[in-house]
Structure formats: C-alpha cells, structure tokens
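# below are the sequence and a predicted model; questions follow.
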There are 2 protein chains.
Amino acid sequence: MDSNSTPDIVVGRLPRYLQALQRMAVEGISSTSSQELGERLGISAAQIRKDLSQFGEFGKQGTGYAVPYLIDQLEVILKIKRFWDIVLIGTGDLGHAIARYQGFANRGFRIAMVFDNDPVKIGTKIDHFIIQDIANLEKLVQEAGIKVAMLTVPAAAAQSVSERLVKAGVKAILSYAPTPLNLPADIHVEYIDPLIQLQHMTYYLG
Amino acid sequence: MDSNSTPDIVVGRLPRYLQALQRMAVEGISSTSSQELGERLGISAAQIRKDLSQFGEFGKQGTGYAVPYLIDQLEVILKIKRFWDIVLIGTGDLGHAIARYQGFANRGFRIAMVFDNDPVKIGTKIDHFIIQDIANLEKLVQEAGIKVAMLTVPAAAAQSVSERLVKAGVKAILSYAPTPLNLPADIHVEYIDPLIQLQHMTYYLG
DNA sequence: CATTGTGAACGGGTTCACAGCA
DNA sequence: TGCTGTGAACCCGTTCACAATG
C-alpha cells in the first residue's frame, strides 16, 4: 500500500486530481465526490477511488471527500509541501518562456538557476535570473543541492548535458529536447515533445 | 488490423519510432533491427515488432528493417506525408516560442495562423506571422480549412476558445493550458503541462 | 440514502517463445 | 544463422458490484 508497489500510472494521475481539486477550492467547493471529480477529468469514479485508496482512506461514506483535506494529503504524497529548486538549461525562446512562467510558484517548484553556453547571453538577465555559464554547471548545481532540472537545449546537446546534470546530483529531468535520453535507471526522466503529440493525433484525422 | 482496432497506446508510440529512425537516417544507418531500435528508445524489441505488425510487414527475416522504407511507411500511417496547417491561439511568451520554433517544418506541420485577443498585439508581427484578432477566429479558421490547433491561452480562457475552435471545424487540439477541456468525443485533445510532469517525478524523490 | 473502500471479475496490453524465412 | 511476425501465456490495470458506514 505504499510507494514501492504503487503503479507509476497511478502516481501520474495524482497531479491531475490535485489540479482539479485546487480549481474546486478556488471555486469555493468544499466537498466533492469521486463521481464529480471524475466528470471533470474524464476518469471513472471507480478509478479515482481505487487510486486514492492506495495511499489511505481520505473520504467519508455518504459525504465524499473534503476538498482542502484531500489537497493537503495529495501534496504530502507528491512531496510538494516544500519547494523544489529547479535548474533550467537552455535560454532560447522556450527557455525564456519557462523562466518567466508564473505557474510553478505555489505549486511546489521554483526556478533557482538558469544556464546557457552562449558567451553573448552569459551574464545577461532573464527577469531576475542572471544567465550562468554552463562551464560552471556541475559546481553550482551540486553546491545548491538541486535535484530537479528542465532541459531546453538543442537535441544534439541533450545527452551530454543530462549526463553532466546527473553527475551534479540531479535526480529528475524534464526534457523538451526531441530525443530520448539514455541515463541510469534511478534517474527520473519525462519528455515534452509537441511534435510527437501532433503526429499521434493526425493518425486519427481524415 | 487497421485503424479501428489498433490501441491508441500503440499509435502513440509510432511517432517515437519515426523520430528515432529519422535520427538513424541522419547518422547514415540504412538498416536496423527491432532490438537496436528498442535499445535507443528503452522499449522491448518484441513490443516494437508487435506494434509494427499491426500495420503491415515492414521487415525482412534475418536482416531487419530498411530505415528509409520504414520511415516512409510510418509517415503514411501517421498521415504526415502532407502538411497540416496549424492555428496557434495565444501569443504570450510560450506562444511566441512556438511560433518561432523550427521543429515542425519537414515533419508534417506548418503554423498557418496566429491569434490573440490583446488589441495592442493584434496586427503586429511574430516572425512573418501577423497576429490576428480572435474575434475573427471562426471565420478565418473555417475558410482556411484548418483542422489542428495549438492552445497557449490562460486556463480561464481555454474552454471557451476550444469550443470556438471546434465550431470552426478543428478536430485536434494540443493544449498547453493547465486545465482539462470538455469537448465532443470526436475531438482529439492532448495536453502539455510541465507542472503535472514535475509533480509526478517528485513523488519518487527523497 | 449517498458514497466510500475493496475483493473479484474482467479485459487488454506486454512478453514469451518459436515457426518461418532470407 | 539472424531476425521477423505472431499465437499463446502472462500480467497488470480497470471495472464491477456490494458490504460497510456516516
């Protein structure tokens, strides 16, 4: 009933539950049911109950789930009742957009450092971030104890940069580079690749 | 053995196969095996063979798959031997980055129009795109026959904008807005939400 | 009475193992 | 011999259905 045996696919749904619940909270909804939550997310009520039951008994028969309490519990499970520092590598258009994105604050994350390898950019600012020289990547990341990275570098650089991140102690990488990373099994990697998702959808188009 | 019965999860892997094969082609590899491809992608050889066999017999016993031929066949299956016009809605930092991204060209997609609702932005340019008034969304999208959209608008606007896109004839939406869209079942929707993916990974961190 | 938590049944995706063939 | 294509076995996630309970 704990981390070790829980399917990864279940873990992957928890942030979605959390997101929907946070929206409900903003809307002033203080109590909900697996059915209502499921309708918002397009997920069956049974699945939501089953997923949550892997981690504890958060609801009450007849009345459902208290929204603030379930939010709190999910934040504990996902380990986001703290701030995770993020290192961002690559300050192209996409890196810029991410550095300036306000959606991470109050959601468990905070961009702490920004790196690039372009001498023209190093030392300049994006918002309040001073772009650091990637030559100092290992040193600065390790000293800061950063465990989470976002990667917006060209595909050709992604593998070597990610290896350097691992050496610096990073354990989780969210990569926007359109290439698979080959890293030790204990490193968690997720990908964002709009082209892949577009091509997936066109399969179904006339 | 065709579109109707093929699991969506299989379809979702095809673009990854294509991406890896295109990389191989660039590297000058003219022939490969399910094993080699699987190692690059972290997918079992049996799964790759099984997936491909849903669509035809593309390999040869003893020698494997001819890279250019398999690329061609996957492009046919995914319907990207043509260009799909994309409409982009929202020209914040992220919309800017997407409008300027060069990774769609030669991969089956082409951004055709860009919309925003900000009077200050309407009429100005991003690259060669003139930002259109969202008031004209339905008219222009329908006239152009555009079927694919990318959405980079605030969460609060995502539902209503997506409904307008559907009215205009759009059948596939890739949404960067951090909220689930509630649309007719025949509309294909995919999401990109880095926060969800980060929260997924922190579950596993110490 | 509404709704949870859950064992059991179900379904479908993955892996296995091997026949078939270049 | 090397590797594909595939039926069968296996595994695992989802759904079902209902006892339990506020």
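Yep, that arrived.
# what is the longest strand of chain A by residue count?
As assigned by DSSP state E, the longest strand anywhere in chain A is strand A:109-116.
# please see if that strand touches chain B.
Yes - counting by C-beta under 8 Å from any C-beta of the partner chain, contacts between strand A:109-116 and chain B involve A:Phe109. No exception for glycine: its C-beta is placed from N, CA and C like everyone else's.
# contacts for that strand?
A:80, A:83-91, A:95, A:98-99, A:104, A:122, A:126, A:129-134, A:136-137, A:140-141, A:144, A:146, A:148, A:150, B:195, B:198 (C-beta atoms under 8 Å, 6 or more residues apart in numbering or on different chains).
# low-scoring stretches of chain A, by residue?
A:1-4 (pLDDT under 70).
# with adjacent residues omitted, what lies nearest to A:Met24?
Nearest non-adjacent residue to A:Met24, counting by C-beta to C-beta, 6 or more residues apart in numbering or on different chains: A:Val67, 5.3 Å away.
# ditto for A:Glu190
The nearest residue in space to A:Glu190 (C-beta to C-beta, 6+ apart) is B:Gln197, at 4.3 Å.
# that neighbour: what's it in contact with?
B:Gln197 neighbours (C-beta under 8 Å, 6+ apart): A:15, A:174, A:190, A:192.
# just the C-alpha atoms of whichever strand or helix holds the second one, please, in PDB.
Element membership for A:Leu174 (DSSP states H and E) is strand A:172-175. Once non-C-alpha atoms are left out, strand A:172-175 reads as follows in PDB (Å, rounded to 0.1, in the frame of the first residue of the first chain):
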ATOM      1  CA  ALA A 172      14.700  14.200 -12.100                       C
ATOM      2  CA  ILE A 173      14.800  15.700 -15.600                       C
ATOM      3  CA  LEU A 174      12.000  17.200 -17.600                       C
ATOM      4  CA  SER A 175      13.300  17.400 -21.200                       C
END
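# ok, it: who's next to it in the sheet?
If you go by DSSP bridges, strand A:172-175 pairs up with strand A:148-151 (parallel), strand A:188-191 (parallel).
# the lengthiest helix in chain A near DNA strand C at all?
If you go by DSSP state H, chain A has its longest helix at helix A:8-26. No - counting by C-beta under 7 Å from any atom of the strand, DNA strand C is not contacted by helix A:8-26; separation bottoms out at 10.6 Å.
# report the contact partners of the residue nearest the centre of chain A.
Taking C-alpha atoms, centre = their mean, the centroid of chain A lies closest to A:Leu174, which sits 7.1 Å from it. For A:Leu174, the contact set (C-beta under 8 Å, 6+ apart) comprises A:148-151, A:189-192, B:194, B:197-198, B:201.
# redo that, cut-off 6 Å
A:150, A:190, B:194, B:197 (C-beta atoms under 6 Å, 6 or more residues apart in numbering or on different chains).
# which parts of chain A are helices?
Assigned by DSSP H, chain A shows helices spanning A:8-26, A:34-41, A:45-53, A:67-77, A:93-100, A:137-144, A:155-167, A:194-202.
# could you see whether chain B lies near the third one?
No - for a cut-off given as C-beta under 6 Å from any C-beta of the partner chain, helix A:45-53 has no contacts with chain B; the smallest distance is 12.7 Å.
# restrict that helix to CA atoms and write it as PDB.
What follows is helix A:45-53, C-alpha atoms only, in PDB (Å, rounded to 0.1, in the frame of the first residue of the first chain):
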ATOM      1  CA  ALA A  45     -15.300   7.300 -10.300                       C
ATOM      2  CA  ALA A  46     -14.200   3.800  -9.500                       C
ATOM      3  CA  GLN A  47     -10.700   4.500 -10.700                       C
ATOM      4  CA  ILE A  48     -10.300   7.600  -8.600                       C
ATOM      5  CA  ARG A  49     -11.500   5.800  -5.500                       C
ATOM      6  CA  LYS A  50      -9.100   2.900  -6.300                       C
ATOM      7  CA  ASP A  51      -6.200   5.200  -6.900                       C
ATOM      8  CA  LEU A  52      -6.700   7.200  -3.700                       C
ATOM      9  CA  SER A  53      -7.200   4.000  -1.600                       C
END
